[in-house]
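Trainee: my questions concern the predicted model and sequence given below.
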Amino acid sequence: MSSIKEYFASVGKGVSSLVKGMQVTGKELVTPKITECYPENRDTLQIADRFRAELTLKYDAEGRHKCIACGICQMNCPNGTIKLTTKMVELPDGKKKRKLDKYMYDLGSCTFCMLCVTTCPQDALEFSNDFEQAVFSRDSLVKQLNYKPEVEDAPKPAAAPAKQPAANASQNNEASKTETN
Ligand code: SF4
Ligand code: SF4
């Protein structure tokens, strides 16, 4: 008798677990699909802005970046992904200034922790969401981020002549009147 009870109990458990499984399947059947048909949909593919694909230097509309070659990003990178070289340049006023020469970034060893981006005092770095980074050799993953030709700063305009104080101007007018009389 007890074996018949056990038999029906196990059948009941099986049916209940089958129903639960079918509930999950049914729910997924009506849930909107998020499968991407890549690469067929490459032109319409939407990649989230916050996706971290590769480190880049931010350039403005005139092709300038804001890196001052302070080296903070290089020091903070936990695995030596960033290698900076600098150069000394002479300014128009004869002073010397240290500038960025090469900003090398090895995508192959980057862990996308973003320590470099968050600690940059110039807000000069960001991550692009360009996810198509497959290459045939590891060497191709080493990139120079300051790849654009350097844009020279426009010379500063000459300082305008100082305005004469109003009191002095009226005195001068008086003096010129006296001279003419
Ligand atoms: S990217 Fe930022 S932290 Fe790195 S060297 Fe340039 S200014 Fe300094
Ligand atoms: S994201 Fe992290 S690992 Fe990658 S370059 Fe920046 S600090 Fe280094």
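Mentor: That came through, no problem. Numbering: from 1, shown residues only. Ligands and ions are numbered 1, 2, ... in the order given.
Trainee: doesn't T86 fall inside a strand?
Mentor: Yes - the assignment for T86 is a strand, going by DSSP: H, G, I helix; E, B strand; the rest coil.
Trainee: just list whatever residues bridge to it.
Mentor: According to DSSP bridges, the partner residues bridging T86 are L100.
Trainee: in three-state terms, label K97 for me.
Mentor: Assignment for K97 (three-state DSSP): strand.
Trainee: next one: it from ligand 2, what distance?
Mentor: Separation of K97 from ligand 2 (Cβ to the nearest ligand atom, to the nearest Å): 26 Å. The way it works is simple: take the backbone N, C-alpha and C, and place the C-beta from them, glycine included.
Trainee: K87 is in contact with that residue, correct?
Mentor: No - using Cβ atoms under 8 Å, K97 makes no contact with K87, being 9.7 Å away.
Trainee: excluding its backbone neighbours, what's nearest the most centrally placed residue in the chain?
Mentor: The structure's the chain has its C-alpha centroid closest to E126; by Cα atoms, centre = their mean the separation is 0.9 Å. With Cβ to Cβ, 6 or more residues apart in numbering as the criterion, E126 has its nearest non-adjacent residue at 5.5 Å, and that residue is K58.
Trainee: that neighbour contacts S128, doesn't it?
Mentor: No - contact status for K58 versus S128: not in contact, 10.1 Å apart, counting by Cβ under 8 Å.
Trainee: what sits up against stretch 139-156?
Mentor: The contact list for stretch 139-156 (Cβ atoms under 8 Å, 6 or more residues apart in numbering) reads 54-57, 59, 62-65, 67, 92, 100, 102-108, 133, 135.
Trainee: report the mean confidence score over whichever helix in the chain runs longest.
Mentor: If you go by DSSP state H, the chain has its longest helix at helix 2-30. Mean per-residue pLDDT for helix 2-30: 93.
Trainee: C-terminal to it, what's the next element?
Mentor: Moving toward the C-terminus from helix 2-30, the first helix or strand encountered (DSSP states H and E) is strand 54-57.
Trainee: check the offset of that following strand from the chain's centre.
Mentor: On the basis of Cα atoms, centre = their mean, to the nearest Å, strand 54-57 sits 5 Å off its chain's mean C-alpha point.
Trainee: mind listing what it pairs with, with the direction of each?
Mentor: strand 125-128 (antiparallel).
Trainee: would you mark the buried spots in the strand it pairs with?
Mentor: Judged by neighbour count using 16 or more other Cβ atoms under 10 Å, the buried positions of strand 125-128 are 125, 127.
Trainee: so which residues make contact with that strand?
Mentor: 51-58, 67, 73, 112, 114, 116-117.
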